[in-house]
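*Asks:* sequence and predicted model, in that order:
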Amino acid sequence: MDESRRQFLEWLPSFWSRETLIDYDGDEQFVEEWVQGAWVGYQVGLHILQQQPIAAYQDDYGNAVSAGDFDGGEDEMHETAHQEGWTPLVCAAGIKVKE
C-alpha cells in the first residue's frame with residue numbers, strides 16, 4: 001500500500017464508520033461507490049498539487065526560505081535547496097506540502 005492510500009484510509013473513518021471499506025477480492029477497489037469516487041478524487045487532487053511549482057522550502061534549521069531571500073531569485077533558491085537537501089514547503093498554489 002502506498003503512502004497516499006494509507007493517509008486516505010486514516011482520514012476516511014471520520015466520515016464513514018463502517019468497517020467494510022475495501023473489496024477483499026484483491027482488486028483494491030472500495031465496496032461503496034462514493035468511497036471509490038472519493039479515493040479517485042483524492043488521487044487526482046494529490047497529483048495536481050504535486051505538479052505545482054515549489055514557492056518555498058524549509059531549511060535544516062526549520063526556517064522558511066523563499067525566492068525573495070536570494071539575489072538570484074527563484075533559480076538561485078531552487079539550486080540552493082537542491083544542493084542543501086531542503087524540504088519543499090509551499091507550492092505556488094499556496095498549499096503546504098505534507099511529507
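*Replies:* It's in.

*Asks:* where does the protein have low pLDDT?
*Replies:* With pLDDT under 70 as the threshold, the chain has low-confidence stretches at 1, 17-28, 91-99.

*Asks:* show me the helices in it, by range?
*Replies:* 3-11, 33-51, 73-84 (DSSP state H).

*Asks:* now mean neighbour count too, for the ones you listed, in TSV please.
*Replies:* Placement of C-beta: from N, CA and C, glycine included. As requested, the helices of the chain are exported to TSV (neighbours: other Cβ atoms under 10 Å):
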stretch	mean neighbour count
helix 3-11	12
helix 33-51	13
helix 73-84	14
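
*Asks:* among those helices, which is nearest residue 59?
*Replies:* Closest of the helices of the chain to residue 59 is helix 73-84, at 6.8 Å (criterion: Cβ to Cβ).

*Asks:* any idea which residue of the chain is furthest from its center?
*Replies:* residue 71 (29.2 Å; Cα atoms, centre = their mean).

*Asks:* please convert the helices of the chain to TSV, extending it with distance to residue 66.
*Replies:* Formatted as TSV, the helices of the chain follow (distance: least, Cβ to Cβ, whole Å):
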stretch	distance to residue 66
helix 3-11	26
helix 33-51	18
helix 73-84	7
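
*Asks:* relative to residue 90, which of the ones you listed is closest?
*Replies:* helix 33-51 (10.9 Å).
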